[in-house]
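Novice: Give me a model of this one.
(one chain, ligands or ions: 1)
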Amino acid sequence: MLEIKHTLCPSCSVGCGINVVSHDGDVVGTYPYKRHPVNEGKNCLNGRNSIEVYKNKLSNALVSNSNVDIDKAIDEICSNLKSKDSEKITVFCSGNNSVEDIEAIKDFAEKNNYNIALYADNIVDIDGEVASYEDVEKASKLIVIGDILYTNPLIGRRIIHAKENGANVYSFTPESSVTANVSDEICDSIDDVLNNFGDNLDESSVILFNTVNSSEDLDKIKEISDKANSKILPVFSKCNSKGACDIVKAQSKEDFVELLNGTDLLLVFNDDLIPEIDFDFASISTIVSFVPCENSTSNASQIVVPVKSWLENEGSFVNAMGETQTFDAVIESDALGVDEIIEKIQNKL
Ligand code: SF4
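Specialist: Below is the predicted model of the structure:
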């Protein structure tokens, strides 16, 4: 039987709705959800490809590359946890997890005095109100840091609408990038775009960015925005990084690497850190990955535990503009959720 069920796209923090098509319980495609307020039925290629996670699902737990049952993997994790000093154990919770799973991960780390880490595109200390997507669309001037039209196309669409309405767009993005095509001015650095065009901003302007090089960059963005009484919109690469930052303090890349330097046992919940963080992960004696499908980090892990993919999960995300959105499972599954796995581990410690 063909079924269409609504959920949220997990491939960036915009929070687009997406319909998932299944046939006799198997995921076969996506379909526009026309009434969704964020994206009005449109999904970018990354969004449409997000169902691949389900097709490549891990079916077994692994210990030292050998298939084992989940309970054996959990016993192995517990014996590792018991054998290390808690200050050498780091639990990495990612913006790929739901609000509910992040709360479970945080409780687990705090209960056992482990370090808890969150890395969210080098963006730290964002509190208070951020711009809405409507603010972007109605802005008189936009400063865009990063190739947002390429990486987050459904916010890019709002930038194009603003431009059609007469907004000026000043960017720090490569000249060959998609964002460059809609920019009135392109600068060579974050400093340049802020110094050259910060004074042009007014209360209906927005600074959008999807990464920063340092906390100094972020301070400068906030300072320029405050001075002009304009708004900022950090656009994270992971669906629930905004929600994660509301629960766990995000770290800069530098601070995260320093924490990894003192880590002997790393538990990674639902992420692929190796391509993102320039660090010698082989220096950590044990890495445990809890992931729905294999990735570079799980391939380098001594223990791998399969968890529910987003299609099998339910809960809530907080999108880039700070709105909480709930989602339901679109497919039935025997896989365990992050919260269920944590409970199993905690019961054996
Ligand atoms: S813009 Fe982001 S949330 Fe929207 S469909 Fe594309 S990847 Fe998914």
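
Novice: what's near enough to touch residue 264?
Specialist: 84-85, 88-89, 284-286 (C-beta atoms under 8 Å, 6 or more residues apart in numbering). Just so you know, the C-beta spots here come from the backbone N, C-alpha and C atoms, and that holds for glycine as well.

Novice: interface residues of this structure facing the ligand?
Specialist: Contact residues (C-beta under 6 Å from any ligand atom) of the chain with the ligand: 9, 11-12, 14, 16, 39, 43-44, 46-47, 152-154.

Novice: from the stretch 201-349 of the chain, which residue is nearest to the ligand?
Specialist: Using C-beta to the nearest ligand atom, residue 239 is the residue of the stretch 201-349 of the chain that sits closest to the ligand, at 6.9 Å.

Novice: Just the element for that residue, please.
Specialist: Residue 239 belongs to no helix or strand when assigned by DSSP states H and E.

Novice: surely it meets residue 99?
Specialist: No - using C-beta atoms under 8 Å as the test, residue 239 is too far from residue 99 to be in contact (10.8 Å).

Novice: buried ones in stretch 193-201?
Specialist: By neighbour count with 16 or more other C-beta atoms under 10 Å, stretch 193-201 contains the buried residues 193-194, 197-198, 201.

Novice: State the distance from the closest residue to residue 332 other than its chain neighbours to the ligand.
Specialist: Nearest residue to residue 332, sequence neighbours excluded (C-beta to C-beta, 6 or more residues apart in numbering): residue 25, at 6.8 Å. Per C-beta to the nearest ligand atom, to the nearest Å, residue 25 is found 24 Å from the ligand.

Novice: since we're on residue 25, how many residues are nearby?
Specialist: 10 (other C-beta atoms under 10 Å).

Novice: Let me see the contact set for the residue lying closest to residue 296 once chain neighbours are set aside.
Specialist: Closest residue in space to residue 296, ignoring its immediate chain neighbours: residue 274 at 4.2 Å, by C-beta to C-beta, 6+ apart. Shown in contact with residue 274 (C-beta under 8 Å, 6+ apart): 281, 295-297, 300.

Novice: Which members of those residues occur in helices, if any?
Specialist: 296-297 (DSSP state H).

Novice: re the thing from before, what's near enough to touch the closest residue to the residue of the stretch 201-349 of the chain closest to the ligand other than its chain neighbours?
Specialist: Among residues not flanking residue 239 along the chain, residue 10 sits closest, at 4.6 Å (C-beta to C-beta, 6+ apart). Listed by C-beta under 8 Å, 6+ apart, the contact set of residue 10 reads 50, 53, 96, 239, 310.

Novice: do the same with residue 310
Specialist: 7, 10, 50, 53, 239, 292, 327.

Novice: Mind checking the pLDDT average for stretch 331-347?
Specialist: Here stretch 331-347 scores 93 as its mean pLDDT.

Novice: returning to what we had before: could you let me know which of the buried residues of stretch 193-201 ends up closest to the ligand?
Specialist: Among the buried residues of stretch 193-201, residue 193 lies closest to the ligand (C-beta to the nearest ligand atom), at 22.8 Å.

Novice: what's the spacing between the closest one and residue 27?
Specialist: Going from residue 193 to residue 27 by C-beta to C-beta, to the nearest Å gives 41 Å.

Novice: With residue 253 instead?
Specialist: Distance from residue 253 to residue 27, by C-beta to C-beta: 34 Å.
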